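A.B. asks: Next one to model:
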Amino acid sequence: DARDLDRAFMRANPEGVQIEAWFHLYGCRRWVRLSRDTRTDEIQ
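C.D. replies: Reported below is the predicted structural model:
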């Protein structure tokens, strides 16, 4: 139903630095944790 879709795809996207987990699929195939500023997309 619509609530499930909102929960899965319409999450909050606050401005500022966030900690993210990225999967390096075509390289070492490991998870990488990094911080990204959502205003500038700068990786720190």
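A.B. asks: residues in contact with the residue minimising distance to the centre of the chain?
C.D. replies: In the chain, the centroid-proximal residue (CA atoms, centre = their mean) is E20; its distance is 4.8 Å. By CB atoms under 8 Å, 6 or more residues apart in numbering, the contact set of E20 is 33-36. (Glycine included, C-beta is placed from N, CA and C.)
A.B. asks: switch the cut-off to 6 Å
C.D. replies: By CB atoms under 6 Å, 6 or more residues apart in numbering, the contact set of E20 is 34, 36.
A.B. asks: For it, give its distance to R30.
C.D. replies: As judged by CB to CB, to the nearest Å, E20 and R30 stand 14 Å apart.
A.B. asks: before we move on, the earlier item: pretty sure the residue nearest to the centre of the chain belongs to a helix, no?
C.D. replies: No - under DSSP: H, G, I helix; E, B strand; the rest coil, E20 sits outside any helix and is assigned strand.
A.B. asks: doesn't V32 fall inside a strand?
C.D. replies: Yes - membership of V32 in a strand is supported by three-state DSSP.
A.B. asks: need the contact list for it.
C.D. replies: Contacts of V32 (CB under 6 Å, 6+ apart): 22, 24.
A.B. asks: Look up the residues forming beta bridges with it.
C.D. replies: Counting by DSSP bridges, V32 is bridged to W22.
A.B. asks: Where does pLDDT dip in this protein?
C.D. replies: Applying pLDDT under 70 to the chain picks out no residues at all.
A.B. asks: can you give me the helices for it?
C.D. replies: Counting by DSSP state H, the chain has helices at residues 2-9.
A.B. asks: re the thing from before, how far away is the residue nearest to the centre of the chain from R36?
C.D. replies: 5 Å.
A.B. asks: just A2 next, same as before
C.D. replies: In this view, A2 and R36 are 29 Å apart by CB to CB.
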